[in-house]
Each structure stands twice: as C-alpha cells, then as structure tokens.
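[1] Below are the sequence and a predicted model for it; my questions follow.
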Amino acid sequence: MNVSDGSLGAVSPAGPDLPGFEQFAFESGEFSHLVYHAGDPGHPPLLLMPEIAGMSPGLILFARRLVQSRFRIYIPWLFGPFQQRAPLQNAIKLCISREFGNLRTGVSAPVTHWLRALAGHISERNGGSRVGAIGMCLTGAFAIPLVIDPQVVAAVAAQPSVPLSPLFAWLGVGRGSWMHELNIGSDDIAKVRELLASGQANLLAVRCHADRICPREKLQRLRKEFPTGLETREYGEVRSRNRLGDRPHATFTKEYRLEPEGSDDHHSRQAYADLLAFFDRHLRVRSIAVPLFSQPSDAERHAGVPMTSVTVSCSTASDPWDDNRPGGTPMFHAMNIFTDQLLDELAAKAKASPRGRTHFNIHASAADPVQRFFIVMNRNSYVRPHRHLTKVELALVMRGQFDLVTFDDGGSIVARHVVGHDAEGFAFETPQATWHTLLARTDGSAFFEVKEGPYDAASASEFAPWTPAEGDPAVPEFMQWLRTAERGNAFR
C-alpha cells in the first residue's frame, strides 16, 4: 500500500484544485485515486462516495453541508469528469470496468476493497477515530461491505440502484428479479449480517417512495438480509415529483439542491436530518454529568448532615437517558462489550496488513480527552522507537507476549522486559519522554492502551533519530538485533 500526501512526506498530488479542500493520492492493491478532504480534524470523519453523476457540483455542495454540520469529509474521485455531471457517460464506462465489477449483481466490486483500505487510512489520519461511510445510487450498496473494516462503525446506503432497469425507471414496465438484487457478494453479506447482529456496526438505508431507479424491493431485500442493526427510511409519496417534474431519486444532492428554500418537512431535509442523527449517535461521544451520591455516616445523619453529591463526566456514543423510567433515572442504553471475536478479526486484519498490525479505537474522535484502543501485532511489525514528550501511556496485554525495550538519549538499551501471558508482568506504563519500543513475540499478540487526548498527529510521537525509519532496508537487521540485545548495547 502506498500513500502520497503531505502528512507522510511523500510526493504532492497533482489533481484539479477544489477550493476549501486538500487532496492526497491513495493507492492500495492495483488501484489508485485522488482523495479530497475538508473539515476540522477534531470532527468525526466520513467517507463520501460519489453517485452515478460522478464528482458533480451537487456532490461537492453535499460535502460542504456535511462540513458545516461538523464532520470531516473525504471524497475519493473514483470516476467521471471533475465537477461535472455525466451520469450516462459514467454508466457506460463503469459497465465495462473490472474495478467496478462490471456492475454485476451478487458481486462485491474490487473497488470496495480499495475503499475499505481507504477507510482504514482515514481512521489512522484521524488518530484511530471511528469512521462513517455514505454510498449513493451506483455506490449505494458499496457502503455496506465497508463495515467489515473494524473502524467503519456506521454506513449509509442511499438509494442503492445496481442493478437497475432504464425501462422500468422511465416507463414503469419490466419488473423482475433484478428489483431485489444487489451488487454485493454473498460472503460479504454474511459477514455484515454477523457484525450488525453483534452491534459492532450499524446501517441506514434510504430511498424515496416514488423512486423507480431504486425500487422498494431493494430495501425489502436489505431488511431480509439484515434483520438487526439496519434502519430504513422511505420519504415522500408514490406520486411525489420534484420541481423538474421527475420522480425524486438523489435525495442528498439533486433533490436538496432543487429546493434551496426547502422546509423542514421536505423529504430532502427530513433525509438529511435523519442522516445527521444517525452519524451523531454512532460517531460522536458526548459528555454528560452523572450525579453520584455520598451517604452520610450514622453520626452525621443524627447531626442533620444531608446526603451530598458530586458530579462526574461520562462519555457515551448513544443517548444515556431512558425517558420512560420514572423520575428520569439515568441509564445507559447499551454497554460496549468486547469479545474474543474482535481480537480474532483484528488478528486477521493484522496478518493482511503490510505493517503487520492493526488497531481498533473505542474513543469516537481524535478530540476525545481519553484515547483508548486495542492494538494487535505480529512478529514482523516494526514499531520504530519513539517517545511522547507530554503524555503517559498505560497498556494492558490481552494476548501473547511483548518485549518492551527502553533506551537512553544515545540509543543504548536501558532496560528490557517481557510482558503478557505467563510473563513478569501483564501491563506497563510508559513515563513521559521515555524512548521505547515493543516487539511482539508471537503473531496475534494484543494489548489495550489508554492515554490522554486529544490526539495530534504532528506532536503525538518523536521518533528516535538513531533508528531506521519504517520502510528503510535496515529495519530487518535492526529488529533482529533488538530481539537479543542486552542492557547497555547500542545498534551498530
């Protein structure tokens, strides 16, 4: 996997300029595309995929609205001319595109693997934040397999339309089995169904009642495949028409743009409000004040000392209050339960990663004051020795064992410890400004880490200047030396 962007010190991209947006080139496997992004780094990241119209003005306006709604938006330029609507031209080209699976039914297009890699990269760029995804029309169903990536916890399939029938869209004739079909592979559907059932991911699917490009049967199919974890919304009426006299289809782009003064009850505004509420529930962490009461002692009670209270701040990604409980008693609707299945999935992802490791963030964004996450590593994973000048790390080993090595300013080893299962310790805390590194002793070794936020990529770590950078040819030699080096030793 290669990434070209300023943050990683690679070559600058050379795509068309888009005011208010930055860009980088992202490559994974055999595919590479430019990605445009905008928004505050502290806001939840969203991966926004273009509809059949392509990188159109309507798509850009939608992205700008999302930025104004406090999201950080990433748009991959996947097809079509820049800032021009070209639905027919795009459809013809994509029908013969292997990257897009020739728009075949029952097949997850190869580009979805690239999109999942991009989602993982977006998470890393944002301090391991949870990621949301939006697919529309042609890419509507593409959003669904993206939740297979552990960092994508919420996805919206807006008017998923492949396969479609132009004859039915125009004249309403030509019904058939195609109306229930989707361009997603059966294996991916099974994986997503399991993730939704376990609560690890969430889906929202939307369409307009009058839409013939995305007939109602497609949402019926989604409800059948995903009985839990899926929300669906259908807007307007069967007889609804937009200002051009057409049946409404592109809910978030064209339909919204056609009603610049649209009221809150217009279907485009209802859909946008539902979209924001969905991502707010699953991507944002809100602070709430929970009163904790201190009972007075018997002596204090006799003396008339009342019960006292203090307030602590808790974070939750969902509404912590159950309004149906008497007196508004606080209750968290859902606990986050982490199972061995999560670590198994992360181990599989680490095995497939060129870096030999992966992570899963519990905190919702880089701005969260407490950063907490799981990391799974293999023996070949190189963590370049580094230090954190202002923050302390606390880590608890969940699986396997790690060599924890610390250094002085000159690069000599100060200490080494083995932590993990059946080792001298099961957890460790790294003080500020301490040069250190970790080496996994076995594949699939995992630990849980907590450190103070917010996360700032520019100042998060200072790498040791006397160590090879990631990707340097000297890394294998350094790692081999590091596994057996003793206190007082220095590399070369």
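    Sure, I can see it. Numbering: from 1, shown residues only.
[2] After the helix or strand hosting Arg223, heading C-terminal, what element do we hit next?
    For Arg223, the enclosing helix or strand under DSSP states H and E is helix 216-225. Going down the chain from helix 216-225, the next helix or strand is strand 230-235, by DSSP H and E.
[3] Sheet partners, orientation included, of that following strand?
    Sheet pairing here is set by DSSP bridges, and for strand 230-235 it gives strand 202-208 (parallel).
[4] hmm, back to that, pull out the buried positions in the helix holding Arg223.
    Neighbour-count burial for helix 216-225 flags Arg216, Lys218, Leu219, Arg221, Leu222, Glu225 (criterion: 16 or more other CB atoms under 10 Å). To be clear about C-beta, it is placed using only N, CA and C from the backbone, and glycine gets the same treatment.
[5] Give me the contact list for it.
    Counting by CB atoms under 8 Å, 6 or more residues apart in numbering, the neighbours of helix 216-225 from elsewhere in the structure are 157, 160-161, 179-182, 189, 193, 203, 205, 207, 209, 230, 232, 234.
[6] and stretch 418-434, which residues are buried?
    Neighbour counts using 16+ other CB under 10 Å place Val419, Gly420, Ala423, Phe428, Thr430, Thr434 of stretch 418-434 among the buried residues.
[7] Verify the stated contact: the second one with Leu396.
    When you say that, I think you mean Gly420. No: using CB atoms under 8 Å, Gly420 is not in contact with Leu396, being 9.9 Å away.
[8] Pull up the overlap in contacts between the two.
    Overlap between the neighbourhoods of Gly420 and Leu396 consists of Phe426, taking contacts as CB under 8 Å, 6+ apart.
[9] So the chain: which segments form each domain?
    Each domain of the chain is listed here as a residue range: 2-283, 286-328, 340-484, per automatic domain parsing.
[10] So, low pLDDT: which residues of the stretch 151-300 of the chain?
    Under the criterion of pLDDT under 70, the regions of the stretch 151-300 of the chain flagged as low confidence span 285-300.
[11] where do the helices sit along it?
    Listed from the start of the chain, the stretch 151-300 of the chain has helices (DSSP state H, counting those that start in this stretch) covering 166-171, 186-198, 216-225, 254-257, 267-283, 298-302.
[12] and the residue nearest to Ala141 when sequence neighbours are not counted, what is it in contact with?
    Excluding its sequence neighbours, the residue lying closest to Ala141 (CB to CB, 6 or more residues apart in numbering) is Pro160, at 4.2 Å. With contacts defined as CB under 8 Å, 6+ apart, the neighbours of Pro160 are Gly135, Cys137, Gly140, Ala141, Ile144, Leu182, Ala205, Cys214, Lys218, Leu222.
[13] ok, back up a step: for the helix holding Arg223, output the C-alpha coordinates as CSV.
    These are the backbone C-alpha positions of helix 216-225, laid out as CSV (Å, rounded to 0.1, in the frame of the first residue of the first chain):
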residue,chain,number,x,y,z
ARG,A,216,-38.7,-0.5,-2.9
GLU,A,217,-37.8,-4.2,-3.4
LYS,A,218,-34.1,-3.3,-2.8
LEU,A,219,-34.8,-2.1,0.7
GLN,A,220,-37.0,-5.1,1.3
ARG,A,221,-34.0,-7.3,0.4
LEU,A,222,-31.9,-5.4,2.8
ARG,A,223,-34.4,-5.8,5.6
LYS,A,224,-34.5,-9.6,4.9
GLU,A,225,-30.7,-9.9,4.9
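[14] Tabulate the domains of the chain (JSON lines), appending distance to Phe491.
    Written out in JSON lines, the entries for the domains of the chain read as follows (distance: least, CB to CB, whole Å):
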{"stretch": "domain 2-283", "distance to Phe491": "23"}
{"stretch": "domain 286-328", "distance to Phe491": "42"}
{"stretch": "domain 340-484", "distance to Phe491": "6"}
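[15] Just name the most buried of those domains.
    Ranked by average neighbour count under the criterion mean count of other CB atoms under 10 Å, the domains of the chain are headed by domain 2-283 at a mean of 19.
[16] Now do the contacts for Asp188.
    For Asp188, the residues meeting the contact criterion (CB under 8 Å, 6+ apart) are Ser108, Thr112, Ile144, Pro145, Ile148.
[17] Save these as a markdown table, and put in secondary structure and distance to Arg64 too.
    Written out in a markdown table, the entries for those read as follows (DSSP: H, G, I helix; E, B strand; the rest coil; distance: CB to CB, whole Å):
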| residue | secondary structure | distance to Arg64 |
| --- | --- | --- |
| Ser108 | coil | 30 |
| Thr112 | helix | 26 |
| Ile144 | coil | 26 |
| Pro145 | helix | 27 |
| Ile148 | helix | 29 |
